[in-house]
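*Asks:* A predicted structure for the sequence below; I have some questions about it.
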Amino acid sequence: MFLLRNASVLAPEPQGVADVLLGGGQILAIGPSLPGGPAGWPIEEIDCTGAWLAPGFIDAHTHLAGGGGEGGARTRVPPVLLTDLTLAGVTTAVGLLGTDCRTRSIAELLACARGLSELGLTALAWTGGYEVPPRTLTGSVRDDLVHVDRLIGIGELAISDHRSSQPTFEELIRLAADAHVSGMMTGKAGTLHLHLGDGARGLQLVRRALDETELPARTFQPTHCNRNRRLWEEAKSLAWRGVPIDATAFEADGEAPSGGQAIAEWYAEGLPAERLTLSSDGGGCLPTFDANGVLLRMEVGASRALLASIVEAVALGVPLEFALATLTTNVARQLRLSSKGRLAPGADADCVVLDAQLRVREVFAMGRPMVRGGRAMRWGPFEEPPG
């Protein structure tokens, strides 16, 4: 058990200075000057004076098995490591497949998620990938979502991108219906997580789905929406129609806003606060192509970009609690993870302590210490602990 003393609690709403007691994988109590328990109880007290305490971050777009491959087999990105996530404050990760649905599989993705869960994180996954028909474990996306607990929705289906399968409107809404109905049957996210490229069609298919079908707007979750200015403006307009929008923790590129700038614009324009989320594309390829679709160069996404975006947003005048909600409460609500994304008695003991400079100091995942004093306390079997 751990008793975090004198923290400035962001639940993510500001709760003032309080103590938080963690035990049995849950938050047991929050309040001022909590008792330390009877003598002999195994409670470790941690002084958090001057620090912020926030819910653990939820990174809902991570290539846990690795991404890439657009430049040949040599450009396949290795799997994400445990400390790639924990040192970034991530306590829940949702993995997916991208361009490469041939040499990578849902089975491999699930194995990576299961391994991270065995190490103490909460790790889930999307079924499918860029292509249509989608890659599945069982042969059916509905069967995947109904029968495989760790699979929560469909993604990342690519649209408006030269790497996509160029899905038709009918294919898109059929998959969205599969996601929606499966979510109703299971209580899972039931979301169609959509990769957006730089194509001129942008979010046209989503607008048409809202106009022509009965599917709820929340079923569609476009991501990478801040990759160019035109797409970002489209995405902001769809938020007013109920569509949840996911920005990526990109750096600014010309007129395309960075992750932090995207949060700042959303806040300044008074857009629906609960409909903005931020993810990292961790482990994924961040490529640059020429006009013929040839890979010129690539970078690799990382979960540490999430907190960098939060710091940037705060520097641009965004309240810290608003920025943090894009990684916590908003994501948990969209993915229907009722015990995640908030600090409250009975919620999962996923917590991040940030120092005054908003650097990760402590991380607890389901009540287990993953980071202490800014240093990893737990490593995967293929990581090299510092000497």
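*Replies:* It's in. On a predicted model such as this, the values are computed, not experimentally measured, just so you know.

*Asks:* going forward, measure contacts between C-alpha atoms and count neighbours the same way
*Replies:* Will do.

*Asks:* name the element Arg207 belongs to?
*Replies:* Secondary structure from DSSP states H and E places Arg207 in helix 204-212.

*Asks:* Give the pairing partners of the helix or strand just after that helix; include direction for each.
*Replies:* Following helix 204-212 in sequence order, the next helix or strand is strand 220-223 (DSSP H and E). Take DSSP bridges as the rule and strand 220-223 pairs in its sheet with strand 192-196 (parallel).

*Asks:* residues in contact with the partner strand?
*Replies:* 130, 153-161, 175-176, 179, 202-203, 219-225 (Cα atoms under 8 Å, 6 or more residues apart in numbering).

*Asks:* How about stretch 23-38?
*Replies:* Against stretch 23-38 from outside (Cα under 8 Å, 6+ apart): 1-3, 5-6, 17-22, 43, 343-349, 365-368.

*Asks:* hmm, 7 Å instead?
*Replies:* 1-2, 18-22, 344-349, 366-367 (Cα atoms under 7 Å, 6 or more residues apart in numbering).

*Asks:* Okay, buried residues for it please.
*Replies:* Neighbour counts over stretch 23-38 (16 or more other Cα atoms under 10 Å) mark 23, 25-31, 34 as buried.

*Asks:* Tell me how many other residues crowd Asp84.
*Replies:* 16 (other Cα atoms under 10 Å).

*Asks:* do the same with Asp253
*Replies:* 12.

*Asks:* show me where this protein has helices.
*Replies:* 82-86, 106-118, 141-147, 169-186, 204-212, 229-239, 259-268, 304-315, 320-325, 329-335 (DSSP state H).

*Asks:* With distance to Ile245 as new columns, can the ones you listed be given to me in a markdown table?
*Replies:* Listed next are the helices of the chain as a markdown table, based on distance: least, Cα to Cα, whole Å:
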| stretch | distance to Ile245 |
| --- | --- |
| helix 82-86 | 22 |
| helix 106-118 | 24 |
| helix 141-147 | 22 |
| helix 169-186 | 16 |
| helix 204-212 | 12 |
| helix 229-239 | 7 |
| helix 259-268 | 11 |
| helix 304-315 | 16 |
| helix 320-325 | 13 |
| helix 329-335 | 10 |
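
*Asks:* And the protein, what are its domain boundaries?
*Replies:* When the chain is parsed with automatic domain parsing, its domains come out as 2-54+342-376, 56-335.

*Asks:* need the contact list for Asp211.
*Replies:* Applying Cα under 7 Å, 6+ apart, no residues qualify as near Asp211.
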